[in-house]
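1. Predicted model and sequence follow; I will ask about them next.
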Amino acid sequence: MDSVDVLVVGAGLAGLRTATLLAQQGHEVLLADRRPSLAGAIRTTGIFVRRTLDDFPLPAECLGPPIRRVVLYPPGLRGPVALTSERDEYRVGDMAPIYVKAADAASGAGVRILLGTRYAGRQGQTYTLVGKEGPAEVRTRFVVGADGARSSVARDLGLDRNRHLLIGAEEVYEIPRGEEPPTFHCVLDPSLAPGYLAWVVNDGRHAHVGTAGYANRFPEGLRRALERFASSAPGLDGVERPDGPDAIERRGGPIPVGGLLRRISCANGLLVGDAAGAVSPLTAGGLDPCLRLSELAAAVLDESLRTGRPDTLAHFDGAALRARFRGRLAMRWGLDKVRTPALAATAFGLLRTPPGQAAARRILFGDRSFPAGQIGA
Ligand SMILES: Cc1cc2nc3c(=O)[nH]c(=O)nc-3n(C[C@H](O)[C@H](O)[C@H](O)COP(=O)(O)OP(=O)(O)OC[C@H]3O[C@@H](n4cnc5c(N)ncnc54)[C@H](O)[C@@H]3O)c2cc1C
């Protein structure tokens, strides 16, 4: 039986970051992901916000042009409101090479990576992984659940699980460089995106056309909503949607928006990223939170492994941090209540006023980050 210090389940950005940091600190780390290749089955648009670009070493060659302009639309798309920042706010990552490079960095630091390998359950400190050659048992001091919004590790450790989920889908295709500056278009229309937004990101290299919302509130289902949106999406003047099954990449998945979960650690391990609910309840951005929470998780695990004190993990306390999300949770509650296009059009009126635009700027261009540094301190 294999024996390691830490088993990390899930090689998204959260798992890759946590595993790399732990291996750099000299711990023996095994990272397993059911995806056979990290370049496939991507579930994110890959919009990185300025704070993340400032604080984390993402490979510059895998990032699209900077985006400063956001255009917000009411239902029907008439009378949009354009906001432009004085700073570069977003860049869209080319996610396949970003995951592959992060995996190379993890291997370089000493992480053993098993792809095409599914976590299938636990008995005490022994965990079952199922790969091409069948099941194998791994003994580990700690397990890290980095296995996404519907985490099996959370279930098996008896930790909290995400209950408040949106479901999102998008199509991605290459586009020729156009006249328009790189722009993020957001449509507030509950018939297309119930409880959230439909979006087009056109950064002059790729178009991402997507929508997300509560699964049970799409009038004709998510797929039909995306088709309807894609047929008249804004921000794509002069862009031809390519033909053929290989020209368009389809992405999608659940997005937890209930805020950070309260119980995200126990004596046997902890949760990071979507598994921990570390996603902004309002913007649904999870890339910055997953990286920040992973840093904290690695620090707490390192301390526990070095000192032999398992109670260190108790400091990894979601409840303590959750209080800081009160404002964003309240705004999510407000967005949830906008259930008809007529109400959305009325609410959109606020964005035409100076205070409404100032609030939108704070959300879209603000400096607030996921406050992971605050817990465990
Ligand atoms: C459509 C969509 C668009 C989004 N766009 C953005 C965006 O532009 N910007 C932003 O900040 N956030 C965005 N998000 C949210 C963001 O992508 C996530 O919060 C973030 O990627 C979470 O990373 P993670 O590592 O926690 O999880 P994931 O990236 O989901 O990784 C989980 C990994 O666990 C693996 N796994 C799951 N179960 C098992 C198992 N049993 N055994 C082995 N492996 C397993 C999966 O294969 C996967 O690789 C988007 C989400 C969606 C769905």
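-> The structure has been received and is ready for your questions.
2. is stretch 106-121 anywhere near the ligand?
-> Yes - applying Cβ under 6 Å from any ligand atom, one finds stretch 106-121 touching the ligand at Arg118, Tyr119. (Glycine included, C-beta is placed from N, CA and C.)
3. averaged over its residues, what pLDDT does that stretch have?
-> For stretch 106-121, the mean pLDDT works out to 98.
4. Give the buried residues for that stretch.
-> Ala106, Ala109, Val111, Ile113, Leu114, Leu115, Thr117, Arg118, Tyr119 (16 or more other Cβ atoms under 10 Å).
5. got the contact list for the fifth one?
-> By Cβ atoms under 8 Å, 6 or more residues apart in numbering, the residues touching Leu114 are Leu30, Leu31, Ala32, Asp33, Leu129, Gly131.
6. repeat that for 10 Å
-> Leu114 sits next to 2, 7, 11, 30-34, 129, 131-132, 136, 138 when contact means Cβ atoms under 10 Å, 6 or more residues apart in numbering.
7. Mind putting those residues into CSV with secondary structure, pLDDT and neighbour count?
-> Below are the contacts of Leu114 laid out as CSV (DSSP: H, G, I helix; E, B strand; the rest coil; pLDDT from 0 to 100; neighbours: other Cβ atoms under 10 Å):
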residue, secondary structure, pLDDT, neighbour count
Asp2, strand, 91, 15
Leu7, strand, 98, 29
Ala11, coil, 98, 26
Leu30, strand, 98, 23
Leu31, strand, 98, 29
Ala32, strand, 98, 25
Asp33, coil, 98, 26
Arg34, coil, 98, 19
Leu129, strand, 98, 21
Gly131, strand, 96, 15
Lys132, coil, 92, 9
Ala136, strand, 96, 16
Val138, strand, 97, 20
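8. Show me the buried residues of stretch 106-121 that map onto strands.
-> Using DSSP state E, Ile113, Leu114, Arg118, Tyr119 are the members of these that sit in strands.
9. Show me what the nearest residue to the first one once chain neighbours are set aside is bridged to.
-> Setting aside the residues directly before and after it, Ile113 is nearest to Leu31 in space (Cβ to Cβ, 6 or more residues apart in numbering), at 4.9 Å. Legend: beta-bridge partners of Leu31 under DSSP bridges are Val8, Ile113.
10. Show me where the chain dips below the pLDDT cut-off.
-> The model of the chain has pLDDT under 70 over residues 368-377.
11. For it, what lies in contact range of the ligand?
-> Residues of the chain lying near the ligand (Cβ under 6 Å from any ligand atom): 9-15, 32-35, 43-47, 118-119, 146-148, 152, 168, 170, 210, 251-253, 255, 273-274, 279, 285-288, 290.
12. Mind doing that once more with 5 Å?
-> 10, 12-14, 33-35, 43-45, 47, 118-119, 147-148, 152, 168, 253, 255, 273-274, 279, 285-287, 290 (Cβ under 5 Å from any ligand atom).
13. Among the residues you listed, which ones are in helices?
-> Among those, the residues falling in helices (DSSP state H) are Leu13, Ala14, Ser152, Leu287, Cys290.
14. quick one: which of these is most hemmed in?
-> Ala14 (31 neighbours; other Cβ atoms under 10 Å).
15. what's the closest non-adjacent residue to it?
-> Nearest to Ala14 is Gly273, by Cβ to Cβ, 6+ apart, at 2.7 Å.
16. my read: that neighbour touches Pro289, true?
-> Yes - the criterion here is Cβ atoms under 10 Å, and Gly273 meets it with Pro289 at 7.7 Å.
17. Touching both of these two, which residues are there?
-> Common neighbours of Gly273 and Pro289 (Cβ under 10 Å, 6+ apart) are Ala14, Val279.
18. So for the two, which residue has more residues nearby?
-> Gly273 (32 against 24).
19. which ones are touching the more buried one?
-> Gly273 neighbours (Cβ under 10 Å, 6+ apart): 10, 12-18, 144-149, 151, 256, 279, 286-287, 289-291, 293-294, 297.
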